[in-house]
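Q: Below: sequence and its predicted model.
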Amino acid sequence: MPRRTVQEVTVQDVQKRRNPNKHYVYIIKVSWSDGSTEIIYRRYSKFFDLQMELLDKFPVEGGQKDPKRRIIPFLPGKILFRRSHIRDVAMKRLRPINEYCRALIQLPVYISQCEEVRVFFETRPEDLNPPKEEPIGKKKSGDSTSADPLLLDQYVAVTDYEKQESSEISLHVGQVVEVIEKNESGWWFVSSEDAQGWVPATCLEAQDDPDDFTFPGEEEWTFSWLPCLCWAGHPSEP
């Protein structure tokens with residue numbers, strides 16, 4: 001029996017989640033070659049992990065040797081650093097992430113249907129019974145809580161850290177970062193003034209009173225292009 005392939009991907013909306021801590025996920029509609037259509041939910045950090053895997057597996061197509069030969073699309077990232085509102089950035093990221101997915105599926109079959117891409121878009125157990133949360137783009141009438149200015153936690157580095165993989169960032173004592181995702185493995189996905197990536201949670205200490213709001217965001221939007229280096233598989237799921 002032939003293996004089914006991804007035919008179309010559409011990022012439809014952004015949804016708040018409150019467990020195990022507050023974060024957001026993209027609502028993604030995936031159409032398969034067998035005629036089935038499924039809805040999956042992915043964090044931004046999962047796209048980051050997928051991108052690192054692809055750049056590692058396809059260095060030529062990722063432009064590592066010759067940027068002109070790059071065909072793997074760029075993943076939009078954030079480089080601005082400031083306390084910020086989740087609603088704005090989540091909706092601003094929606095279209096670029098959708099364009100990234102569409103471009104990815106249009107690549108040659110050996111990339112668009114490789115194991116990493118298919119596994120990423122396959123339905124996972126947590127996709128089958130998602131929590132009933134209100135999508136960020138659809139505020140309930142009279143619900144003032146949905147418009148609350150939820151902010152990222154800011155942490156300060158208490159030890160130096162030299163990155164070991166391209167998916168990480170280096171830290172120096174006193175450096176302030178925003179925590180986008182707190183993974184149970186002990187690795188946190190953070191943003192500094194000019195980069196984003198994984199760091200050991202033990203290197204960080206809360207700068208102010210943490211409210212456990214781990215929404216990524218910024219007040220302005222721009223694009224940063226992720227480095228064309230390798231990925232060694234941090235706390236992300238396959």
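A: That came in fine, so what should we check first? What you see is a predicted model, and the numbers here were worked out from it, not measured in a lab.
Q: quick check: longest helix of the protein.
A: Longest helix of the chain, by residue count under DSSP state H: helix 86-105.
Q: That helix - what's its average pLDDT?
A: What helix 86-105 shows for mean pLDDT is 83.
Q: Off-centre distance for it?
A: 10 Å (C-alpha atoms, centre = their mean, to the nearest Å).
Q: and stretch 3-19, what's its mean pLDDT?
A: 89.
Q: ok now the one helix or strand residue 16 maps to, how far from the chain's centre?
A: Assigned by DSSP states H and E, residue 16 falls within strand 6-17. Mean-position distance between strand 6-17 and its chain equals 13 Å (C-alpha atoms, centre = their mean).
Q: Now do the helix or strand that that strand is followed by and strand 6-17, the angle between them.
A: Sequence-wise, the next helix or strand downstream of strand 6-17 (DSSP H and E) is strand 23-32. Angle of strand 23-32 versus strand 6-17, following axes from the mean of the first three to the mean of the last three C-alpha atoms, to 10 degrees, is 160 degrees.
Q: Residue 196 against residue 190, yeah?
A: Yes: using C-beta atoms under 8 Å, residue 196 is in contact with residue 190, at 6.8 Å. (Each C-beta comes from the backbone N, C-alpha and C, glycine too.)
Q: Specify which residue of the two has the higher count of neighbours.
A: residue 190 (29 against 23; other C-beta atoms under 10 Å).
Q: Could I get the contacting residues of the residue lying closest to that one once chain neighbours are set aside?
A: Closest residue in space to residue 190, ignoring its immediate chain neighbours: residue 177 at 4.3 Å, by C-beta to C-beta, 6 or more residues apart in numbering. Contact analysis of residue 177 by C-beta atoms under 8 Å, 6 or more residues apart in numbering lists 154-157, 171, 190-192, 199, 204.
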